[in-house]
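Novice: Return atomic coordinates for the entry below.
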Amino acid sequence: MATVESEKQRSVTFSEVGPAERGSRSDEVVIGVSPAFADFFSQTIVNVSHGEVLRQILAGIEEQEVAARIVRVRHSSDLAVIAHTAAKLSGSGIGIGILSRGTSMIHQRDLPRLSSLELFPQCPLLTLETYRSIGSNAAQYAKGESPQPVPTLNDQMARPRWQAKAALLHLKETEQIVKGAKPVEVAAAFS
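Specialist: Take a look at the predicted model:
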């Protein structure tokens with residue numbers, strides 16, 4: 001396997017497959033991407049390509065021998081809404097939401113929208129290995145397992161250090177919302 005660091009510039013483009021429907025497979029995880037993910041933006045808040053982030057999440061899911069689908073959620077830039085929408089569309093009831101800046105969440109369809117399985121709020125500290133673990137844990141939840149939470153770093157100075165850039169990215173992400181738009185299933189092409 002090539003080193004993770006050497007692949008940071010991998011890019012991804014999406015082509016619409018059609019309206020996102022609820023899956024029938026009990027062994028799938030749906031990844032919900034935000035309105036601007038790999039569209040208006042191509043990198044996280046710390047300049048990691050969306051293509052590599054998505055590739056790592058998909059690899060973590062695949063390693064657990066679970067299927068994955070990707071949907072673009074255009075009607076909201078709220079991470080809980082995106083993750084919960086993905087979970088409701090998943091045959092297993094497990095979904096991952098990801099914002100353009102890199103903030104992520106694993107959700108379960110029967111939980112309240114603001115009560116996720118795992119939340120990863122400090123996106124500047126998320127590594128490619130963390131994204132892979134997010135995919136792996138989501139797949140384990142989809143199989144009915146109870147994995148250990150993904151270990152994450154914590155930096156009390158991350159919020160003040162990144163707050164202004166995060167706010168600007170959120171504003172730009174929110175400008176990409178299409179009110180009333182239904183989620184669409186997308187196919188990813190990596191280059």
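
Novice: Low-confidence ranges, this structure, go.
Specialist: Judged by pLDDT under 70, the chain has its weakly predicted residues at 1-9.

Novice: if we go to 80?
Specialist: Low-confidence segments of the chain, defined by pLDDT under 80, are located at 1-10, 158-159.

Novice: in it, which spans are strands?
Specialist: 12-19, 28-33, 67-72, 94-98, 104-108, 118-120, 184-190 (DSSP state E).

Novice: helices and strands around the second one, which ones?
Specialist: Using 3 or more CB pairs under 8 Å, 6 or more residues apart in numbering; DSSP states H and E as the contact criterion, the secondary-structure elements in contact with strand 28-33 are helix 50-63, strand 67-72, helix 79-89, strand 94-98, helix 128-142. Every C-beta, even on glycine, is put in place using the N, C-alpha and C of the backbone.

Novice: Looking at the ones you listed, which is nearest to Leu119?
Specialist: Using CB to CB as the measure, helix 79-89 is the one of these that comes nearest Leu119, at 8.1 Å.

Novice: helices or strands next to that closest one in the packing?
Specialist: strand 28-33, strand 67-72, strand 94-98, strand 104-108.

Novice: Could I get the buried residue list for it?
Specialist: Within helix 79-89, the residues scored as buried using 16 or more other CB atoms under 10 Å are 79-89.
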